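1. need a 3D model of the sequence below.
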Amino acid sequence: MFRHVPKRSERPLDGVPKRLVRQVRRVQLPLTSAMLIAFVLTLWLPSSAASRGPSSGPQICNVRDYGASGEKSDDARPAIEKAIAACADAGGGTVYLPPGAYTSATIHLRSHIVFYIDAGAALYARVGDEGYDKQGLLYGEDLENVSIEGRGTVDGQAEYEWRPNDFNDAYIRDNQLLAEAAGASMMRSFPVGLRTRKVYPHLILLLRCKDVRIAGLSFLHSPSWTINPYACERLTIDGIYIHTSQRDGVWADGIDPDGCKDVRISNSTIETGDDAIVFYSSTIWGPALPCENITITDCRLSSSSSALKFCDGNANAVRNVTVDNCVITNSNRGIAFMVFDGGYVSDVVLSNLTIETRRFPWFWWGDGDPIFFSVRRRSEVEGHPPKPGEPPAGSIRNVIIRNVIAHGQGSCLIMGHPDSWLDHVSLENIKLHIAADPSAAYDKSVHAMQFRYARNLALKDVDVIWEKPESKKWQSALYFEDMKDLTVENFSGGPARPDSEFPAIVLDQVDGARVFDSKAAAGSHVFVGVKGERSRAIHLYNNELNAVVSAYQADTNVKSGTVKERDEF
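-> Below is the predicted model:
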């Protein structure tokens, strides 16, 4: 649905034949005023736009009336800016881009404006630095009630080149070294003009705006993060398509809300080289603000990095987030929780998801992993001593992930920090299918799901299914290390190879655990392996162990009486 423009625009349009307005209003559909405008303009503007200026009544400012030619080779920016000014000076209205091609650098939006790009119209970002006075194509600052919508296209015209890597990226260093040792090519993609070009524009950059709607459009080939709102409130993004090259499009994210509140993203398809949707709480555009009160529904996401990411660039908070009814395909990493700058993530529910991940070339972030958690300090990631004033490790707490079917070429790593353990993370009704990629020299997977530094962690109805091709490195289905108060209920699975000595579940330095109502895969030698002198209070009960040689096996340094079992069958 489109946002209504101000009420005055719902009156018959000044100068437009009233019979056309009546004809449209007889259509038995819940038409909004923007849709009415588009339909009327389609019928009326071709014959009259060339002979008229803008209406003196409700403002519908056709950029053709202000000098835009509709030819891609011409600079449309002056005409578009004049149309925006005319609408704004009248108190608001619709800036209309009819079918045609329009090339521009930074366009400054105004409050109470609907920026409408019609079907058959394409707005192109000018290539190069000329004309950009801001880091965006469509730019707004401190605006209210602004809409960017239509059925047309916004094209960033991103350009890339492949050349030998000369970029030091600490976040991919491990994969790079492994790939290099295996003789893999170090050629990779870079934006054309890197280190000389000053502006790689976001297609939409909005700072501190309220009541924003982005709907219906296709956003293609952005040179940078496609849509980047900072400190915006009441932001709705609905029914859009975003595409950047999954082969080439480095740093070309989809939607990156930073310090925004009351955000709704729905009914959209996002296919990007870099992260598809990522939540920031950073200092890029101003003070780090909480990114909060966010809902994402009915979307399909693909990314050569992370499809859905709670970003490492979190210096304050990302909180109160729900994601439901989404499909993740063809991604390097499915869901990522990463806190590197001292902020926290809290109160998150992710539900009803399908995830399909595979391994991409070494220079992309990710390891074919469906679910990933990491809490680290920035200096630790970069391999440097702590910097003066660097914040302590951030935190992740109160997260529920449920009703997920995942197929991945990598394992799930769910890691807190020695100084900041994950707290109250729950995984419910998860079916994880794991396979290997024999061509990836940087496949480091060992356990299907590996957890470390967590308290009050709960797994319920989790199934692990090992698939072909397999890796010789694979061991256990679940590996828990440095845990307190762990619950595993109704788990089903076993080690990667039934004939191996590896347990289905490993508890290493676990203080308090309950494993119950679970079933070991046929041929498992040991169901639970207990390690570490700090392990204590391990309770096993009501587990189905008919096909297991041993219910549990404790290492010699585990204290006597640590493991208690009952009612096993």
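
2. all contacts plus neighbour counts: C-alpha atoms, from now on.
-> Noted.

3. where does the stretch 351-500 of the chain dip in pLDDT?
-> For the stretch 351-500 of the chain, not a single residue meets the criterion pLDDT under 70.

4. now do the strands in it.
-> 369-375, 395-408, 412-415, 422-434, 449-455, 458-466, 478-489, 492-493 (DSSP state E, counting those that start in this stretch).

5. between those strands, which one is closest to residue 276.
-> Across the strands of the stretch 351-500 of the chain, residue 276 has its closest neighbour in strand 369-375 (14.4 Å, CA to CA).

6. roughly how far is that closest one from the heart of the chain?
-> Taking the mean of its C-alpha atoms, strand 369-375 sits 13 Å from the chain's own mean (CA atoms, centre = their mean, to the nearest Å).

7. do the same with stretch 440-453
-> 22 Å.

8. what's it in contact with?
-> Contacting residues not belonging to stretch 440-453 are listed as 174-176, 178-179, 182, 359, 362, 367, 410-418, 420-422, 434, 436-437, 464, 473-483 [CA atoms under 8 Å, 6 or more residues apart in numbering].

9. now do the same end-to-end measure for that stretch.
-> 28 Å (CA to CA, to the nearest Å).

10. just the buried residues of the contacts of stretch 440-453.
-> 175-176, 178-179, 359, 362, 367, 410-417, 420-422, 434, 436-437, 464, 474-483 (16 or more other CA atoms under 10 Å).

11. who touches stretch 86-102?
-> In contact with stretch 86-102 (CA under 8 Å, 6+ apart) are residues 5-6, 9, 58-64, 68-72, 74-76, 80, 83-84, 110-124.

12. how far away from the center of its chain is it?
-> On CA atoms, centre = their mean, the centre of stretch 86-102 falls 31 Å from that of its chain.

13. how about stretch 460-473?
-> 25 Å.

14. just the C-alpha atoms of it, please, in CSV.
-> This file holds the C-alpha atoms of stretch 460-473, laid out as CSV (Å, rounded to 0.1, in the frame of the first residue of the first chain):
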residue,chain,number,x,y,z
LYS,A,460,14.6,-27.7,22.4
ASP,A,461,13.6,-29.9,19.5
VAL,A,462,16.9,-29.6,17.7
ASP,A,463,17.7,-32.2,15.0
VAL,A,464,21.1,-32.5,13.4
ILE,A,465,21.3,-34.3,10.0
TRP,A,466,24.7,-35.0,8.5
GLU,A,467,24.7,-35.0,4.7
LYS,A,468,27.0,-35.6,1.8
PRO,A,469,29.6,-34.6,0.8
GLU,A,470,31.2,-35.0,4.2
SER,A,471,34.4,-33.6,5.8
LYS,A,472,37.0,-35.7,7.5
LYS,A,473,37.2,-33.1,10.2
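
15. from the rest of the structure, what touches it?
-> Counting by CA under 8 Å, 6+ apart, 426-438, 444-446, 448, 477, 487-494, 496 sit against stretch 460-473.

16. again, but for stretch 149-159
-> 2, 114-127, 191-192, 201, 203, 213-223.

17. now list the buried members of the residues you listed.
-> 2, 114-119, 121-127, 191-192, 201, 203, 213-223.

18. which of these fall in strands?
-> Using DSSP state E, 114-117, 121-125, 191, 203, 213-215, 218-220 are the members of the buried ones among the contacts of stretch 149-159 that sit in strands.

19. these two touch, right, residue 479 and residue 502?
-> No: Residue 479 is beyond contact range of residue 502, at 10.7 Å (criterion: CA atoms under 8 Å).

20. nearest to residue 293 among the strands of the stretch 351-500 of the chain would be which one?
-> strand 395-408 (14.5 Å).

21. tell me what angle the helix or strand containing residue 313 forms with strand 369-375.
-> In the assignment (DSSP states H and E), residue 313 maps to strand 306-314. Calculated by axes from the mean of the first three to the mean of the last three CA atoms, to 10 degrees, strand 306-314 forms an angle of 10 degrees with strand 369-375.

22. now for strand 306-314, which elements pack on it?
-> strand 277-281, strand 317-331, strand 333-339 (3 or more CA pairs under 8 Å, 6 or more residues apart in numbering; DSSP states H and E).

23. OK, contacts around the closest residue to residue 281 other than its chain neighbours?
-> Excluding the flanking residues, the one nearest residue 281 by CA to CA, 6 or more residues apart in numbering is residue 314, at 4.5 Å. Contacts for residue 314 (CA under 8 Å, 6+ apart) come out as 280-282, 288, 339-344.
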